[in-house]
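> Kindly generate the corresponding structure for this input.
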Amino acid sequence: MDHQNHDGGTESEDLQTMQRNLLKTVAAGTRAANGLPLGRDFEFHNTSAAFGAKMHTFTKRVHTMMESLVKRVDPSVSWGDLGDAGPDVMDDDDRMESLTDITDALLERVDGMLDVAKNSSAKGSAASTGRNDPAPAQAFVFSPTNKTGTTTGRMVQLLHASNIRRPQLSFSDKVDNSRSAIFVPKIRDKPNAKEPLDLEPIRMTASGEIVADATQLGNTMVSHMSTLGIPRHADKGELVTYPHPYQPELDAYEPKEDLLTKVSVTDSMPWTENDCTWVDTKEALLALKETLDGVSEFAVDLEAHQYRTFASFACLMQLSTRTRDYLVDVLALRAEMHVLNSSFTNADIVKVLHGSDSDILWLQKDLGLYLVNMFDTGQAARVLTLPKFSLAYLLQTYCNVTPNKAYQLADWRIRPLTKEMAYYAQEDTHYLLYLYDVLRNQLIAHGNQQANLLRAVWMRSRDICLQKYEIAVFDPEGYQRLLDKHSRSLTGQHLHVFKALFDWRDQTARDEDESIRYVLPDHMLFDLADVCPREATQVVACCTPTPPLVRMNAHVILEVITTAVDAYKAVRKKQAASSNVIHASRVPPRGGTVDHGATTVPATSGPALAPLRKLRSSKQLVCDVDAVSAMARLLVTSAANENGAMEVDDHEAFAKASDVRKAFCSERLFGVPFVPPTAPTPAESSSAHPTSSAPGGTAASSAAPAERAAADKIISLSKTPRLGHGKNSQQGSEQRSNQKRKGAFGGQNDDIHGGMQLSKMPRTHFRKKKRS
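Purely as a prediction, here's the structure:
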């Protein structure tokens with residue numbers, strides 16, 4: 001009951017007026033915001049003093065409005081003046097976050113008040129009528145404005161049903177979205193058959209080879225599925241599918257001659273004057289079947305629901321003949337709709353649809369219906385290369401009708417339908433037969449004598465009918481396509497978390513029969529991967545407003561994230577343990593350990609670790625191949641002595657020297673590309689180390705002073721200015737000349753550990769850069 005206010009109106013009228021004005025304002029603001037320049041365009045415009053001043057004024061005004069809104073909830077908040085850089089003043093990000101939190105709190109309070117009001121209303125209604133029905137649909141209406149600022153007269157309906165019962169819970173065919181599930185065609189008899197119904201599953205190996213006996217039809221179906229990229233997996237690792245029940249009939253289909261000639265076009269009468277019949281009983285459905293069997297063509301369309309289910313399902317079917325329109329409640333008649341196959345698969349009856357790709361799959365999955373002899377007006381628009389291919393464009397162009405798209409966001413599960421929803425649905429098919437006649441004649445007029453264009457539309461439409469519904473296959477690599485779609489790039493543990501949550505979202509959506517958007521929207525998935533929460537409360541905080549399944553599974557999500565992070569760290573640790581490359585970043589603090597491949601050496605046991613630590617912390621790195629080789633041999637010797645080994649292989653030291661050289665002397669640091677030195681031959685190694693295998697490790701221990709000297713040489717080099725640069729270029733040239741004459745360590749005959757002449761290794765010199 002509506003209550004009258006002081007101005008003579010009702011409270012419901014005031015609420016509708018407020019909703020209408022509010023949504024008009026939001027729509028206008030959104031359009032204005034979308035018209036602002038972004039990125040570089042904004043920076044370019046901001047170079048104008050007038051533009052910058054105007055944006056500053058608007059920004060200050062927005063800040064004032066935001067602060068005013070926040071102070072209504074928390075009067076103690078102070079954002080400071082625009083441009084103030086004081087320590088207590090929030091930046092724009094903090095302000096936006098504060099406003100978001102306040103808005104969420106307000107919306108939660110509104111939801112709570114609405115729940116209280118609805119419960120009170122429901123109790124009163126139940127007390128007076130003795131019934132407890134779900135709350136009716138609520139429509140939020142606004143009239144958008146056009147470019148001139150006047151209203152368009154088209155009302156947009158945001159229809160929402162409260163406490164609606166999920167129809168799939170009462171389906172006789174229970175929903176199975178599991179990753180191992182296989183869709184079995186629902187058809188049990190085959191009207192208008194050229195070949196008997198074949199429902200034998202087709203099994204094949206992962207390579208595409210047919211397992212056991214398979215007909216040519218099976219081979220064709222397997223090839224078709226492989227092209228679509230939708231393999232099916234059996235329990236034994238085989239791929240399983242079922243043939244298209246009407247593939248033989250569709251393969252043999254050719255349009256008859258009378259379908260390739262011009263027709264006389266009769267104007268369609270206004271849809272409001274056409275009779276519309278509501279069909280929701282088996283008796284009414286059988287009467288509709290008889291009607292459709294007796295016509296030469298009829299139009300078909302479907303309305304489906306996609307948000308509260310994993311795989312969308314059909315809710316309403318619209319049918320139109322030349323004289324009557326029909327609305328069929330397929331939720332009530334889901335198990336009985338297959339009787340219409342007598343007309344749907346009759347090759348003598350034309351079925352007209354627009355944009356039928358999804359309709360074909362809904363007909364098969366939900367209703368067990370298949371189409372033979374279908375004409376898609378969307379394909380006709382493409383063959384004619386019209387500017388647009390939408391049904392709205394065709395209606396405006398050929399019928400002078402502006403379609404009412406006000407209910408395109410409606411929830412078609414609602415029963416009973418509102419009058420406006422029924423009008424909207426009826427309009428979708430009422431003009432299709434007229435469009436079929438007009439487009440058919442145009443295709444003939446623009447084609448050749450063989451009606452090639454019209455024939456092409458028939459063949460395209462037939463190929464759409466050959467589509468076969470399959471349960472969506474989970475692609476483990478699908479997360480990468482999602483990243484590409486949003487132009488995002490994640491690395492490290494964030495990528496591992498994103499991949500794990502992508503898997504969890506898909507599995508949860510299948511288990512609960514909800515859409516992935518309902519379970520966890522994409523932007524929240526990215527937020528969780530970016531933050532990697534460590535507590536369940538942080539999981540909820542990342543998802544605002546929090547989806548119901550996220551709130552219910554916050555601890556499960558936290559466990560998924562923690563497991564992914566731990567798995568990533570384990571992989572990184574394993575990779576580090578198996579790597580033989582020495583990096584300065586792997587040198588531990590004093591008292592720790594350093595990992596040399598498979599050998600872990602205490603930090604205090606190697607005399608070279610302290611110099612290497614200093615080298616890592618130095619600001620300038622000037623490395624010589626001989627010095628780095630000596631460092632590598634020193635590290636290897638430390639590892640050998642720690643394990644009691646008496647021999648150090650020159651090739652191992654040389655390999656480590658090469659790795660260290662790559663790590664320190666990169667082209668980025670020194671401006672020269674790395675050229676690996678030539679390794680000594682086995683003969684050179686054996687001749688250079690005549691005593692390396694002496695008992696007791698004498699050679700190794702006696703070389704320690706020389707190797708410590710080599711380590712000190714690295715430190716001295718690290719403190720030397722870059723050679724050949726700036727004011728020290730002349731000095732650097734003299735140093736290079738001396739090095740050429742004497743070698744890196746003062747002479748060509750200096751031996752470093754066991755007589756190995758490191759001066760034999762070719763040095764990598766620094767290129768002198770041109771001064772800018």
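> C-alpha only now, for contacts and for neighbours.
Noted.
> Okay, and D325 sits in which element?
When elements are defined using DSSP states H and E, D325 is found to belong to strand 324-329.
> Could I get the buried residue list for that strand?
D325, Y326, L327, V328, D329 (16 or more other CA atoms under 10 Å).
> then that strand to PDB, C-alphas only?
In PDB, the C-alpha atoms belonging to strand 324-329 read as follows (Å, rounded to 0.1, in the frame of the first residue of the first chain):
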ATOM      1  CA  ARG A 324       0.700 -14.900 -34.300                       C
ATOM      2  CA  ASP A 325       3.400 -14.600 -31.700                       C
ATOM      3  CA  TYR A 326       4.200 -17.100 -29.000                       C
ATOM      4  CA  LEU A 327       6.000 -16.900 -25.700                       C
ATOM      5  CA  VAL A 328       7.000 -20.400 -24.300                       C
ATOM      6  CA  ASP A 329       8.000 -20.900 -20.700                       C
END
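> what's whichever helix or strand comes after that strand in contact with?
Next along the chain after strand 324-329, taking DSSP H and E as the criterion, comes helix 341-344. If you take CA atoms under 8 Å, 6 or more residues apart in numbering as the criterion, helix 341-344 is touched by K190, P191, N192, K289, L292, D293, I349, K351, L369, Y370, L371, V372.
> Which elements pack onto the helix or strand just after helix 341-344?
Toward the C-terminus, helix 341-344 is succeeded by strand 350-353 as the next helix or strand (DSSP H and E). For strand 350-353, the packing partners by 3 or more CA pairs under 8 Å, 6 or more residues apart in numbering; DSSP states H and E come out as strand 297-305, strand 374-376, helix 432-446.
> now the longest one and strand 297-305, what's the angle there?
Regarding helix 432-446 and strand 297-305, their directions subtend 120 degrees when assessed with axes from the mean of the first three to the mean of the last three CA atoms, to 10 degrees.
> ok so, going back, which of the helices and strands packed on strand 350-353 is buried the deepest?
strand 374-376 (a mean of 25; mean count of other CA atoms under 10 Å).
> Please tell me how far E477 sits from R324.
The gap separating E477 from R324 is 49 Å, by CA to CA, to the nearest Å.
> now swap in V263 and tell me
In terms of CA to CA, V263 sits 21 Å off from R324.
> what about the residue nearest to Q168 when sequence neighbours are not counted, is that helix, strand or coil?
Using CA to CA, 6 or more residues apart in numbering and skipping the chain neighbours, the partner closest in space to Q168 is V175 (7.3 Å). Assigned by DSSP: H, G, I helix; E, B strand; the rest coil, the conformation of V175 is coil.
> My understanding was that V175 contacts I182; is that so?
No - counting by CA atoms under 8 Å, V175 sits too far from I182 to count as a contact (11.6 Å).
> Of the two, which one has the most company?
Taking other CA atoms under 10 Å, V175 and I182 do not tie; I182 has more neighbours (20 against 15).
> Quick check: the residue nearest to T261 when sequence neighbours are not counted vs V438, distance?
Residue nearest to T261 in three dimensions, not counting chain neighbours: I444, with 7.2 Å by CA to CA, 6+ apart. Distance, I444 to V438, by CA to CA: 10 Å.
> again, but for W412
31 Å.
> do T377 as well
10 Å.
> what's the answer for A49, then?
Distance of A49 to V438, given as CA to CA: 57 Å.
> What of T544?
Applying CA to CA, one obtains 50 Å for the distance of T544 from V438.
> who's in contact with E43?
Residues near E43 by CA under 8 Å, 6+ apart: none.
> Give me the secondary structure label for it.
Per three-state DSSP, the secondary structure class of E43 is helix.
> pLDDT value on it, please?
Looking at E43, its pLDDT is 78.
> Equivalent analysis for L466, please.
Reading off the model, L466 has pLDDT 97.
> Can you show me the CA trace of stretch 410-427 as CSV?
Extracted C-alpha coordinates of stretch 410-427, given in CSV (Å, rounded to 0.1, in the frame of the first residue of the first chain):
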residue,chain,number,x,y,z
ALA,A,410,16.4,-8.2,-17.1
ASP,A,411,16.5,-11.5,-15.1
TRP,A,412,14.5,-13.8,-17.4
ARG,A,413,14.1,-16.4,-14.5
ILE,A,414,11.4,-14.1,-13.1
ARG,A,415,7.8,-15.5,-13.1
PRO,A,416,5.4,-14.2,-13.9
LEU,A,417,6.9,-11.9,-16.5
THR,A,418,5.9,-8.3,-16.3
LYS,A,419,3.9,-6.8,-19.2
GLU,A,420,6.9,-4.8,-20.3
MET,A,421,9.1,-7.9,-20.4
ALA,A,422,6.6,-9.8,-22.4
TYR,A,423,6.4,-6.9,-25.0
TYR,A,424,10.2,-6.8,-25.2
ALA,A,425,10.4,-10.5,-25.8
GLN,A,426,7.6,-10.5,-28.4
GLU,A,427,9.3,-7.7,-30.4
